[in-house]
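Asks: my questions are about this predicted structure, shown below with the sequence.
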Amino acid sequence: MRTKISTAFLLLLFCSCQLLQEKGIPFKIQNTSNATITDVRFSTSEKLASTEFDSIASNQNEQGFLNMKENKTDGAYTLVYFRENGTKVETSAGYYTSGVSMDNYIRFEIKNDTTLVKFGKFPN
């Protein structure tokens with residue numbers, strides 16, 4: 001009996017912590033290219049919410065939290081920006097299911113010729 005009560009308590013504690021956790025994913029966008037990027041938009045493939053930056057200068061970064069409280073289906077993360085020469089770059093990566101992120105953190109690194117994406121635990 002005592003084991004059942006302990007198990008029920010732990011399950012209740014876990015569920016309540018999950019409910020209090022904000023639905024979304026923290027992110028960082030690092031521009032390590034030689035030029036400023038503009039019209040930067042980070043969103044999910046559902047495009048229900050997005051975080052936008054006018055520009056990110058060379059060797060600068062921006063970070064934030066993408067709110068996913070309205071997301072209900074499966075999808076990916078999308079980063080869209082324009083290079084100095086006007087070229088539009090769109091990078092889709094990662095996966096979320098039923099509106100829940102499968103990762104704890106996402107980092108985009110903008111290079112001169114590519115965009116690198118790294119998922120994992122939130123850095124200290």
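Replies: On my side now, so go ahead.

Asks: pLDDT weak spots in this protein?
Replies: In the predicted model, the chain carries pLDDT under 70 at residues 1-21, 122-124.

Asks: for it, which strand is longest?
Replies: Taking DSSP state E as the criterion, the chain has its longest strand at strand 88-97.

Asks: how far off centre is that one?
Replies: Here strand 88-97 shows a centroid-to-chain-centroid distance of 10 Å under the convention Cα atoms, centre = their mean, to the nearest Å.

Asks: that strand - contacts with which helices or strands?
Replies: Packed against strand 88-97, as judged by 3 or more Cβ pairs under 8 Å, 6 or more residues apart in numbering; DSSP states H and E, are the following elements: strand 75-82, strand 105-110, strand 115-120. Bear in mind the C-beta positions are built from the backbone N, C-alpha and C, glycine included.

Asks: how does it look with 10 Å?
Replies: Using 3 or more Cβ pairs under 10 Å, 6 or more residues apart in numbering; DSSP states H and E, the elements in contact with strand 88-97 are strand 24-31, strand 37-44, strand 75-82, strand 105-110, strand 115-120.

Asks: alpha carbons of the fourth one, in PDB - could you do that?
Replies: Output in PDB follows, covering the C-alpha atoms of strand 105-110 (Å, rounded to 0.1, in the frame of the first residue of the first chain):
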ATOM      1  CA  TYR A 105      17.400  23.900 -26.800                       C
ATOM      2  CA  ILE A 106      18.200  24.800 -30.400                       C
ATOM      3  CA  ARG A 107      21.200  26.800 -31.700                       C
ATOM      4  CA  PHE A 108      21.600  28.100 -35.200                       C
ATOM      5  CA  GLU A 109      25.000  29.200 -36.400                       C
ATOM      6  CA  ILE A 110      25.000  31.300 -39.600                       C
END
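
Asks: what strands flank it, and is each parallel or antiparallel?
Replies: In the sheet containing strand 105-110, its partner strands are strand 24-31 (parallel), strand 115-120 (antiparallel), by DSSP bridges.
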